[in-house]
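# Dropping a prediction and its sequence here:
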Amino acid sequence: MDNITIGDYVEVLDEAISGRVEAMNGNEITLLTQDGFLLKYAINEVVKVKDGIVVTNFEAAQIKAQKEQPKRKKPPTQRPKARNAPKMEVDLHIHQLVKSTHGMSKFDILNLQLETAKRQLDFAMDKRIQKVVFIHGVGEGILKEELHYLFKKYDNLKYYDAEYQKYGLGATEVYVYQNA
């Protein structure tokens, strides 16, 4: 163990404190930190730093962080099902569209559902969303037939029954061709 004298630079064991020895009293030293604080420690709690070079734990951590290159992260791989998952779902069940159907005829309900479908399809085309699933339910099949009639008016899309495992027979998926 090196002899510590006044004026030596020391680091405190088990703490991130270092500084210069200002005074000694028996086995106790008074340490002037780099921040200007005077602290007292037992002589066996400090270690002499050679040649007056003081490197704090904080400085060492900064240097280490600068030298370490960040690891390249792989882009998350999509599983085939996630890659083929629809990007947008539109539920056309009437209770999803209005709070109450009180006073609405079947014709009014069907028109509201078709207007919603057209508006959402136009939105998807505007935002360049390729896949849209329209959930229409099974019912009597009238809404499904009207949707198919609506989809036939567009040149840049194709439609087909949506994934059976997820939607059963009550949904139609629309694929919108993205033209430049």
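Alright, I've got the coordinates.
# Which residue is most remote from the mean position of this structure?
Ranking residues of the chain by C-alpha distance from their mean position (Cα atoms, centre = their mean) puts G26 at the top, at 58.4 Å.
# State the distance from that one to V10.
As defined by Cβ to Cβ, to the nearest Å, G26 lies at a distance of 16 Å from V10. Where you see a C-beta, it was placed from the backbone N, CA and C, and this is true even at glycine.
# what about S100, helix or strand, and which?
Counting by DSSP states H and E, no helix or strand carries S100.
# Near it, how many residues? Count them for me, please.
Neighbours of S100 under the rule other Cβ atoms under 10 Å: 8.
# and K131, what does it touch?
Residues near K131 by Cβ atoms under 8 Å, 6 or more residues apart in numbering: P86, K87, M88, E173, V174, Y175, V176.
# who's in contact with the fourth one?
I take that to be E173. Applying Cβ under 8 Å, 6+ apart, we find E173 in contact with P86, K131, V132, V133, F134, Y159, Y160, D161, A162, E163.
# Provide a ChimeraX selection command restricted to the buried entries of these.
A single ChimeraX command selects the buried members of the contacts of E173 (16 or more other Cβ atoms under 10 Å):
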select :86,131,132,133,134,159,162
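# Look over the contacts of E173 and name the one with the lowest pLDDT score.
The lowest pLDDT within the contacts of E173 belongs to P86, with 56.
# Name the next helix or strand following the lowest-mean-pLDDT helix or strand in the chain along the chain.
The weakest-scoring helix or strand in the chain, judged by mean pLDDT, DSSP states H and E, is helix 80-83 (a mean of 60). Following helix 80-83 in sequence order, the next helix or strand is strand 88-91 (DSSP H and E).
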